[in-house]
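In: predicted model and sequence follow; I will ask about them next.
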There are 4 protein chains.
Amino acid sequence: MTRKIAIIGASGYTGAELIRLIATHPDMEIAALAADRKAGMKMADVFPHLRHLGLPDLVTLDQIDFGKIDLCFCALPHKTSQEVIRDLPKDLKIVDLSADFRLRDPQAYAQWYGNPHAAVEMQGEAVYGLTEFYRDEIRGARLVAGTGCNAATGQFALRPVISAGVIGLDDIILDMKCAVSGAGRSLKENLLHAELSEGYNAYSVGGTHRHLGEFDQEFSALAGREVKVQFTPHLIPANRGILATTYVSGGAQEIHDTFARAYADEPFLEVLPFGQTPSTHHVRGSNFVHLGVTGDRIAGRAIIIVALDNLTKGSSGQAVQNANLMLGLEETAGLMLAPLFP
Amino acid sequence: MTRKIAIIGASGYTGAELIRLIATHPDMEIAALAADRKAGMKMADVFPHLRHLGLPDLVTLDQIDFGKIDLCFCALPHKTSQEVIRDLPKDLKIVDLSADFRLRDPQAYAQWYGNPHAAVEMQGEAVYGLTEFYRDEIRGARLVAGTGCNAATGQFALRPVISAGVIGLDDIILDMKCAVSGAGRSLKENLLHAELSEGYNAYSVGGTHRHLGEFDQEFSALAGREVKVQFTPHLIPANRGILATTYVSGGAQEIHDTFARAYADEPFLEVLPFGQTPSTHHVRGSNFVHLGVTGDRIAGRAIIIVALDNLTKGSSGQAVQNANLMLGLEETAGLMLAPLFP
Amino acid sequence: MTRKIAIIGASGYTGAELIRLIATHPDMEIAALAADRKAGMKMADVFPHLRHLGLPDLVTLDQIDFGKIDLCFCALPHKTSQEVIRDLPKDLKIVDLSADFRLRDPQAYAQWYGNPHAAVEMQGEAVYGLTEFYRDEIRGARLVAGTGCNAATGQFALRPVISAGVIGLDDIILDMKCAVSGAGRSLKENLLHAELSEGYNAYSVGGTHRHLGEFDQEFSALAGREVKVQFTPHLIPANRGILATTYVSGGAQEIHDTFARAYADEPFLEVLPFGQTPSTHHVRGSNFVHLGVTGDRIAGRAIIIVALDNLTKGSSGQAVQNANLMLGLEETAGLMLAPLFP
Amino acid sequence: MTRKIAIIGASGYTGAELIRLIATHPDMEIAALAADRKAGMKMADVFPHLRHLGLPDLVTLDQIDFGKIDLCFCALPHKTSQEVIRDLPKDLKIVDLSADFRLRDPQAYAQWYGNPHAAVEMQGEAVYGLTEFYRDEIRGARLVAGTGCNAATGQFALRPVISAGVIGLDDIILDMKCAVSGAGRSLKENLLHAELSEGYNAYSVGGTHRHLGEFDQEFSALAGREVKVQFTPHLIPANRGILATTYVSGGAQEIHDTFARAYADEPFLEVLPFGQTPSTHHVRGSNFVHLGVTGDRIAGRAIIIVALDNLTKGSSGQAVQNANLMLGLEETAGLMLAPLFP
């Protein structure tokens, strides 16, 4: 039985990516697409690459009959998302792709996002959506909060080795290289082709990026003590991809073994042979994650590198993976699309 | 019953694209991969983006037991292809992606490719693989010759209107913009990132590109008289895509109506509303073709623009489409992947 | 004696390009920079690549003392430009980079730009700024109207052969490929890296692009009869460059000879050997123009291809070239910078 | 009096960049260009962007009359370079752009490059070419060894703060992002546009990159003790640029003050205001270096980021800067070209 899907915020990149994935998903179909400012428009005009799908026109949120919807993806900007979700039917299954329900602690939320949360009571209900580590909770969840794309990448690089206690916790550095679609379909000067193409730079340097809230929450919980990483994102002239170069202290071989064991049965996580390094080229457009571990010439230092596609595994693919679990479907349904190369 | 597929020439881009498509094809599975120079290698080392598929290692051609193969894709360079195919079992279904069996006339072949054909007797047997126009012949064919990527694009832009007699035949100009993967995975200076990125140029100017052989053959046959088009390809700094800007004399509205009728039932051909123009952005990684028609300010002149992905609809997707027909499968099986955008 | 230069509209790409060129110009120095909306800002914050120059801060137009200015470049959007220039001192030498004074006929202006001209009386005074063809008039001009970047490219490809009568006038097609900086530093969705990179498309198809006004005016004047070309611009994923592929009837060798003679003494125009084709790669960041001519396999048809950098020769470099003449300086002063490759 | 310049290895990117810079250098002129494999070719065929310069044709090394040469740039691959330079006239001023004379210790050379040095006796004579730190020695040198592009970038980020003792020496991490022209004009699969565009990856991970030899030599000499940094280069889809993100322990404000003082009088080094971050966009095609310092949320940790153009300041621009000193010219002569943006 095909599940009826609604997408709120369908006119952004994560919305389009959800539709791309659902287009060949065996058990889901798009029943409604909302985008308040573009309501009334045809999807073929908003995203011409989807014109062959015969999608429903965009509507406003209140035009959706949620009684006929099995699951709703919410791909709105943060802050808007919490206000919308607060008012959706209380029995509706929701996967939120925004940042609004990722932090369980209202104070942490207020600190990182600069405003009090509008749906504090739902923060506790939401399950953190990093599928590989919250699988059981997600299966039974009503509201799942998709992780940030950087947050997902960093956690794939660190959770197993923090859990296993095989790396130092006080000198972790995440140097991250992010493609531009992570910034969304927003009209900002630095996102113009003429400004971005052929050059690159760091941003949110020094520990100011909001995804640090997720790292702090998750790594500290895992370690049973406060863990604060250094994290510097960089904007790279490419459309899709995140590459995390992670500097840690620990035995490289033991670190590699730990990942090999932890990810052995994961359908989307590929641990490369020891010493090999992944590339964002090889995961583009897919839900796969490639991870490599290398030792450094300095004894006791290792480099863990993770590559994924920010729009797929870092956002909409992860969201579909969670929705599959919430709907009792095969976890990998619709998600085995091979990467696009070249 | 899943069909067993062999790919000869699996280490190039069209080989990789075939595997990408077959990876989620419901009725095909990869049984053998050959690439003489890379025989013995793992596909994960040749194409790391395919590492999750658990593909068979590359072998030499003679290591393949063709008795167990339902269909063989041949993705070799031209000239090599005819020699290899000549010696394959005579009852093996083959889709050739090279240029070797596209021209039916041995003299035309010799003229455009500069050498006599090594398997002249098979040139007559081969069916021209432009699915939408040779569907019935392909269904019963043993050997199908995939069209060139430029040749396919130009024919989508011109066949129906030549057949319908609604354009002039003596002043057709095809100005084509081609992404770099059309040149294959070959080590040439002008294909380096540092040489290609951020600039563009025409090549094979003045009627010297080999795909003109296909245009001449097909358009003349359609029109019942000699038709010679002007065709200038350009190399564009992008990895996938072909855009054909076609200048013709004729009534723009009548031309649009002709396409609308001709392509109405085609699953992969999207005719845009009159006056809209397609973009290669919106077909990337897919088997879809977008076509737009616009009138010019000069009465009696029209512009037909076609966009497709050279590796998918222009090569490997078309090949799978043909294979589907040859194997009695649904024509669209495995090919409904939505384009990747952004 | 160094000439004092003011730039109005200094916060856009053509403004930045003017400053880049003047930075190493032996006889010019920046005395004032205006940009109303960004007045008060430091240039290092608007254009960090210019931070080493110690430029004056941005001011409003009325803060400039034009009595101390030898020449003013006006790099404003069209329509704004005419209103500003109308009110500037009547003895101030001005090079306008906008479209506002390119068309001599008020009706033609109104037709192409959709509004009556606000300084009709100055339209007659302005000299058309295509240096190579208006050199003498420019030397004595007070107000020079820089040509459009597409208009310049197309005229380099056609003026000498129209003048010489060696091509047909009724079937000229200009298929143009334009890099994105031609669209300016404007926040439009289709100019985002994520929307433009890796794909391309035509725009203003069918004879609607405003630079046709310039082509009509100039080519008709040259030929002594009405000449209407077909012109289709395409947006290419690159930052700088225009490539015009020009389809004409005529003898290719005669056409080449005509260019060779016409451009023999031009310091910035390079005619390639017969049959060679230029690339935008080889003119990037420079004031040079590369032009190639090839015959077609169809007798009596030729292809003329021109490459230039839209921001340099197509706009700010041409403007400096004109300013040099207006100020009695060496025409090539400050403009011999070699192209940047790769 | 114009100095006569020879370039050996003129057919690679650093050779072309030397010519680009010398093209507008007031005191240098190209007297001879050698490239053994391309001897006899015209430069317009090897590098069409230089065709306007009327350069001498390429010759073999032994066709050059070094008696008429004031200074020779050697832009050959390493290992070849030492063999060639060994046999050049002993009184010829030489700037070598290869790696061959950067390491003073023959054993260190053999360790990092895998072969014994062919001109051990000249290793001591060569002066290390990081101009800002070896200015006096370079002025009197006969043979200067240009630094590696990564090595230059890392040293701009670290030398003053190591010298001043304001950072820890045991936990320095250099995460570097390198554009592709650093790999030269070599035909390698991973340098193809189709393989590099739209993705990125680390390489030489774990302390295996040869530029570490330079870091070890220079930083240890500065500190008076062994200093070993962690250094991970990444290949980014851009043609020019290096960005070094440097993680250190120390007081961020003190670090910034140290740079501000150290670089106050340097013509090419721009220290950004505290907390600002540089971008490779803003140095492209120029000899300028932008440097920013930011504190981390973790007390006592700072991030130093440096951007430069690998072909200019990282190689050929630095070489011209050194040549200026060796020839008694103004250090900045020919090098004040403003960056190209966009």
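Out: Right, received. Where do you want to start? Numbering: from 1, shown residues only, chains lettered A, B, ... in the order given.

In: quick one, longest helix in chain A?
Out: If you go by DSSP state H, chain A has its longest helix at helix A:149-163.

In: tell me which other helices or strands it touches.
Out: In terms of contacts (3 or more Cβ pairs under 8 Å, 6 or more residues apart in numbering or on different chains; DSSP states H and E), helix A:149-163 is packed against helix A:131-139, strand A:173-178, helix A:211-223, strand A:230-235, strand A:242-249, helix A:252-262, strand A:289-295, strand A:301-308. The C-beta positions use only the backbone N, C-alpha and C, and glycine is treated the same way.

In: can you do 7 Å?
Out: strand A:173-178, helix A:211-223, strand A:242-249, helix A:252-262, strand A:289-295, strand A:301-308 (3 or more Cβ pairs under 7 Å, 6 or more residues apart in numbering or on different chains; DSSP states H and E).

In: with mean neighbour count and distance to residue D:171 added, can I get the ones you listed in TSV?
Out: Below are the helices and strands packed on helix A:149-163 laid out as TSV (neighbours: other Cβ atoms under 10 Å in any protein chain shown; distance: least, Cβ to Cβ, whole Å):
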stretch	mean neighbour count	distance to residue D:171
strand A:173-178	25	10
helix A:211-223	20	20
strand A:242-249	25	9
helix A:252-262	19	17
strand A:289-295	26	17
strand A:301-308	27	9
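
In: relative to chain B, which of those is closest?
Out: Smallest distance to chain B across the helices and strands packed on helix A:149-163 (Cβ to the nearest Cβ): 7.4 Å, for strand A:289-295.

In: which one, of the helices and strands packed on helix A:149-163, ends up nearest to residue C:282?
Out: Closest approach to residue C:282 among the helices and strands packed on helix A:149-163 is made by strand A:173-178 (30.8 Å; Cβ to Cβ).

In: how big is the angle separating that closest one from strand D:173-178?
Out: If you take axes from the mean of the first three to the mean of the last three Cα atoms, to 10 degrees, strand A:173-178 sits at 10 degrees to strand D:173-178.

In: so which bits of the stretch 51-200 of chain A are right by chain D?
Out: By Cβ under 7 Å from any Cβ of the partner chain, the part of the stretch 51-200 of chain A that sits against chain D consists of A:171, A:173, A:175, A:177, A:194, A:195, A:198, A:199, A:200.

In: now do the nearest residue to residue A:18 once chain neighbours are set aside against chain C, distance only.
Out: Leaving aside its sequence neighbours, residue A:18 sits nearest to residue A:316 (Cβ to Cβ, 6 or more residues apart in numbering or on different chains; 4.6 Å). According to Cβ to the nearest Cβ, to the nearest Å, residue A:316 stands 15 Å off from chain C.

In: also residue A:251?
Out: 40 Å.

In: go on, residue A:55?
Out: 19 Å.

In: and if you look at residue A:184?
Out: 9 Å.

In: ok, residue A:80 - how many residues close by?
Out: 16 (other Cβ atoms under 10 Å in any protein chain shown).

In: and it, what is it in contact with?
Out: Contact analysis of residue A:80 by Cβ atoms under 7 Å, 6 or more residues apart in numbering or on different chains lists nothing.

In: any idea of the pLDDT on it?
Out: Per-residue pLDDT puts residue A:80 at 95.

In: same thing with the one 3 residues further on?
Out: At residue A:83, the model reports a pLDDT of 96.

In: that one contacts residue A:115, correct?
Out: No. Assessed by Cβ atoms under 7 Å, residue A:83 is found out of contact with residue A:115, at 11.1 Å.

In: contacting residues around the lowest-mean-pLDDT helix or strand in chain A?
Out: Least confident element among the helices and strands of chain A, by mean pLDDT, DSSP states H and E: helix A:120-123 (a mean of 91). The contact list for helix A:120-123 (Cβ under 7 Å, 6+ apart) reads A:85, A:86, A:101, A:104, A:106, A:117, A:143.

In: contact residues of the stretch 201-342 of chain A facing chain B?
Out: In this structure, the stretch 201-342 of chain A approaches chain B at residues A:239, A:270, A:281-282, A:285, A:288, A:336-342, judged by Cβ under 7 Å from any Cβ.

In: turn the helices and strands packed on helix A:149-163 into TSV, columns for mean pLDDT.
Out: Listed next are those as TSV, based on pLDDT from 0 to 100:
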stretch	mean pLDDT
strand A:173-178	98
helix A:211-223	97
strand A:242-249	98
helix A:252-262	98
strand A:289-295	98
strand A:301-308	98
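
In: go back to the residues of the stretch 51-200 of chain A next to chain D and keep what's next to chain B.
Out: Answer for these near chain B (Cβ under 7 Å from any Cβ): residue A:198.

In: which among the residues of the stretch 51-200 of chain A next to chain D gets closest to chain C?
Out: Using Cβ to the nearest Cβ, these come closest to chain C at residue A:194, 4.9 Å.

In: what helix or strand does that closest one sit in?
Out: helix A:193-196 (DSSP states H and E).

In: that helix near chain C anywhere?
Out: Yes. Using Cβ under 7 Å from any Cβ, helix A:193-196 comes into contact with chain C via A:193, A:194, A:196.

In: what residues are up against the last one?
Out: Think residue A:196. By Cβ under 7 Å, 6+ apart, the neighbours of residue A:196 are A:180, A:190, A:235, A:237, C:193.

In: repeat that for residue A:234.
Out: A:176, A:177, A:178, A:200, A:201, A:202, D:177.

In: now residue A:333
Out: Contact analysis of residue A:333 by Cβ under 7 Å, 6+ apart lists A:25, A:26, A:27, A:324.

In: what about the residue lying closest to it once chain neighbours are set aside, which helix or strand?
Out: Using Cβ to Cβ, 6+ apart and skipping residues adjacent in sequence, the residue nearest residue A:333 is residue A:324, 5.2 Å away. Residue A:324 belongs to helix A:317-326 when assigned by DSSP H and E.
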